[in-house]
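J.: Just to be clear, the model below is a prediction. Sequence and coordinates:
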Amino acid sequence: MSGFDLSGLTASFGGERVIGPLSLSVREGERVGLVGRSGAGKSTLIRLVYEQVERLAALVPQDLGLVNALPVFHNVYMGRLDAHGNWYNMVTLVRPFTRDSRDVKSLLSELGMTEKAWMPTASLSGGQRQRVAIARALYRQSGLLLADEPVSALDGPLAHQVMTLLRERFKTSVIALHDVELALEYCTRIVGIQDGQIALDESSEKLTPADIAPLY
Ligand SMILES: Nc1ncnc2c1ncn2[C@@H]1O[C@H](COP(=O)(O)OP(=O)(O)OP(=O)(O)O)[C@@H](O)[C@H]1O
């Protein structure tokens, strides 16, 4: 099962409530686009959901969460670190197994990054780093994707290519997107966040960009 049903979600910073209390229920097969102005609470909501569903989900956080000192291969491999025992992961750090190497390279190839597999992650551009975090999420082979602005550093055609890939590979997703047109094109449901509350929750088919504009 890749859906979830959460209630009583709240978050505060310095005693100030920034999210909730709110409930969010996502059915398997739904692709939810989280929209709302900067600071509305989208990243915080994604973090709250991830805390609840962690092992079920693949995460692309806004800060990407990459280990700069390690090559691209190992950053992608980390998507499935918990699928193996310690000894397997330790060996992989020094000399990756052929099958894993092949699988990771195949994903990198789909993202136009084949030749970067053994490059230190620190040496990549912003858009390349974003694609490493996306490859790591894809490598996790989870049914549920939680992603926070996963294509913000990619140019137009590449952003569409990656959104298509995410749509194909994850049954269910919750993706924060500042690009409303992209959200309407790739998501089946739009959830609008305003001041830490759900201010809009509607099927994408019934919405136009103008319906979402009041959130900004
Ligand atoms: N670590 C933190 N410490 C203090 N305040 C925080 C922290 N993280 C988030 N906030 C506050 O919580 C609120 C929601 O932030 P959040 O990052 O979830 O918004 P967002 O909708 O994702 O914004 P953006 O689109 O700019 O990423 C903001 O007012 C922000 O200042």
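T.: It's in. Residues are numbered from 1 along each chain as shown.
J.: residues of stretch 25-34 that come out buried?
T.: 26, 30, 31, 32, 33, 34 (16 or more other CB atoms under 10 Å). For every residue, glycine as well, the C-beta is placed using N, CA and C.
J.: Now do the helices in the chain.
T.: Assigned by DSSP state H, the chain shows helices spanning 42-53, 72-77, 86-94, 98-110, 126-139, 156-169, 180-186, 209-212.
J.: Now residue 27: phi and psi?
T.: Main-chain dihedrals, residue 27, degrees, to the nearest 10: phi -80, psi 150.
J.: What does the pLDDT read for it?
T.: On the pLDDT scale, residue 27 is placed at 97.
J.: how near is it to the ligand?
T.: Per CB to the nearest ligand atom, to the nearest Å, residue 27 is found 23 Å from the ligand.
J.: How about the residue nearest the centre of the chain, nearest residue that isn't a chain neighbour?
T.: Nearest to the geometric centre of the chain sits residue 147, at 2.0 Å (CA atoms, centre = their mean). Among residues not flanking residue 147 along the chain, residue 60 sits closest, at 3.9 Å (CB to CB, 6 or more residues apart in numbering).
J.: And the one you found, what's its pLDDT?
T.: Here, the pLDDT recorded for residue 60 equals 97.
J.: Can you report how many residues neighbour it?
T.: When neighbours are counted by other CB atoms under 10 Å, residue 60 registers 24.
J.: what's near enough to touch it?
T.: Contacts for residue 60 (CB atoms under 8 Å, 6 or more residues apart in numbering) come out as 133, 134, 136, 137, 145, 146, 147, 148, 150.
J.: Could you list which of the residues you listed also contact the ligand?
T.: Contacts with the ligand are made by none of the contacts of residue 60, judged by CB under 6 Å from any ligand atom.
J.: thinking again about what came up before, adding mean pLDDT and distance to residue 200 as columns, could you present the helices of the chain in CSV?
T.: CSV is the format used below for the helices of the chain (pLDDT from 0 to 100; distance: least, CB to CB, whole Å):
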stretch, mean pLDDT, distance to residue 200
helix 42-53, 95, 13
helix 72-77, 98, 35
helix 86-94, 95, 43
helix 98-110, 96, 33
helix 126-139, 97, 26
helix 156-169, 96, 21
helix 180-186, 96, 11
helix 209-212, 94, 7
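J.: At the contact with the ligand, which residues of this structure appear?
T.: Counting by CB under 6 Å from any ligand atom, the chain sits next to the ligand at 13, 18, 36, 38, 39, 40, 41, 42, 43, 44, 62.
J.: Among the residues you listed, name the ones in strands.
T.: Within the residues of the chain next to the ligand, residues falling in strands by DSSP state E are 13, 18.
J.: farthest pair in the residues of the chain next to the ligand?
T.: Using CB to CB, the residues of the chain next to the ligand span at most 17.1 Å, a distance reached by 13 and 36.
J.: Compare these two (neighbour count), which wins?
T.: Between residue 13 and residue 36, counting by other CB under 10 Å, residue 36 is the more crowded of the two (24 against 9).
J.: I figured residue 132 was touching residue 113, is that so?
T.: Yes. Taking CB atoms under 8 Å as the definition, residue 132 is a contact partner of residue 113 at 7.3 Å.
J.: list residues touching both of those two?
T.: What both residue 132 and residue 113 touch, as defined by CB under 8 Å, 6+ apart, is the set residue 72.
J.: who has more neighbours, those two?
T.: The neighbour comparison of residue 132 against residue 113 (other CB under 10 Å) goes to residue 132, with 23 against 20.
J.: Thanks a lot, catch you later.
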